[in-house]
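Asker: Got a predicted structure plus its sequence, pasted below:
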Amino acid sequence: METKLSSKFIAELFGTLVLVLMGCGSAVIAAANGGNIDGVGLLGISFAFGLSVVAMAYAIGHVSGCHINPAISIGMVVAGRMKASEAAIYIIAQILGAIAGAGILFLIASGKDGYSIAANGLGQNGYGALSPAHYNLQSGFIAETVFTFIFLFVIFGSTSTKNIHGGFAGISIGLSLVLIHIVGIRVTGVSVNPARSIGPALLVGGEAVSQLWLFIVAPILGSILSAVVWRYLLDKN
């Protein structure tokens, strides 16, 4: 029996909320001390994002497929695995979930004396002065495009009906996100997910919003390129 679109909407909203709350929360709460990264460290943040995806994959994967990322939904449309009309509903849910997750994170983080959303942020992405290691726009755009390409490539392969190990898709997808974060955190904070970037940026405001275009355009470009390569070069038979 086909799952109702309303159920998929709720699943995608909740899943994206969890991803932002736990992933960005690991940077803002678990790894923050006076503005310095310590505690769980960069590796811990990487695993927080990846484990969030693993957890949600097995919690809501049977309901919505656990996209929790507009780039994935768009990639699925290009790959011929999803209707554009359904993807639009998914994307709305994902953005709302990301905003809700960032809002909850702000409510928790603001309970600590000395926390400032302007100074400490909400785990938003950035390039140039807002990059964790001050990588420029070019580096940020290339990184986000290529990392999203790789991420979607893993997703297409892991969820293919031809993959006899499909039951482990959630683990491979989550671990690929961990890998991407290990390499990319210092470049942009890693987005590969427009919703994950939109939520925190809208609450932080200012330059975080002005740079948001990159974390929408680059991941979508990477997802489209990955979908085209997968559909027309690797999955033709």
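Answerer: On my side now, so go ahead.
Asker: what does stretch 110-117 rub up against?
Answerer: The list of residues contacting stretch 110-117 from outside it, by C-beta atoms under 8 Å, 6 or more residues apart in numbering, reads Gly34, Phe106, Ala109, Leu203, Val204. No exception for glycine: its C-beta is placed from N, CA and C like everyone else's.
Asker: first to last residue in that stretch, what's the distance?
Answerer: Distances were taken as C-alpha to C-alpha, to the nearest Å; on that basis the terminal residues of stretch 110-117 are 8 Å apart.
Asker: What residues sit buried inside it?
Answerer: The neighbour-count check on stretch 110-117 (16 or more other C-beta atoms under 10 Å) flags Ile117 as buried.
Asker: any idea how far it is from the chain center?
Answerer: Going by C-alpha atoms, centre = their mean, to the nearest Å, the spacing between the C-alpha centre of stretch 110-117 and its chain's C-alpha centre is 25 Å.
Asker: Tell me where the chain is predicted with low confidence.
Answerer: Counting by pLDDT under 70, the chain contains low-confidence residues at 1, 31-39, 163-166, 237.
Asker: Centroid-nearest residue for this structure?
Answerer: Among the residues of the chain, the smallest C-alpha distance to the mean C-alpha position (C-alpha atoms, centre = their mean) belongs to Asn193, namely 3.7 Å.
Asker: Spatially nearest residue to that one (excluding sequence neighbours)?
Answerer: Computed as C-beta to C-beta, 6 or more residues apart in numbering, the closest residue to Asn193 that is not its neighbour in sequence is Asn69, at 4.2 Å.
Asker: Distance of that neighbour relative to Gly128?
Answerer: For Asn69, the distance to Gly128 (C-beta to C-beta, to the nearest Å) stands at 24 Å.
Asker: The two: which has the busier surroundings?
Answerer: Between Asn69 and Gly128, counting by other C-beta atoms under 10 Å, Asn69 is the more crowded of the two (31 against 13).
Asker: Is it correct that that one is in contact with Gln94?
Answerer: Yes: counting by C-beta atoms under 8 Å, Asn69 sits close enough to Gln94 to count as a contact (6.5 Å).
Asker: joint contacts of those two?
Answerer: Here Asn69 and Gln94 have Thr16, Ala195 as joint contacts, going by C-beta under 8 Å, 6+ apart.
Asker: got the residue ranges for the strands in the protein?
Answerer: Here the chain has its strands, by DSSP state E, at 32-33, 36-37.
Asker: on that earlier part again, any chance of the contacts of stretch 110-117 in TSV, with distance to Leu233 and neighbour count too?
Answerer: Formatted as TSV, those follow (distance: C-beta to C-beta, whole Å; neighbours: other C-beta atoms under 10 Å):
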residue	distance to Leu233	neighbour count
Gly34	49	8
Phe106	43	19
Ala109	45	20
Leu203	40	18
Val204	39	21
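Asker: For these, work out which two are farthest apart.
Answerer: Checking the contacts of stretch 110-117 against each other with C-beta to C-beta, the farthest-apart pair comes out as Gly34 and Leu203, at 21.3 Å.
Asker: Could you measure from the residue lying closest to Ala169 once chain neighbours are set aside over to Gly167?
Answerer: Nearest residue to Ala169, sequence neighbours excluded (C-beta to C-beta, 6+ apart): Ser158, at 3.9 Å. With distances taken as C-beta to C-beta, Ser158 is found 10 Å from Gly167.
Asker: Settle it for me: which of those two has more neighbours?
Answerer: When neighbours are counted by other C-beta under 10 Å, Ser158 comes out ahead of the other of Ser158 and Gly167, with 18 against 9.
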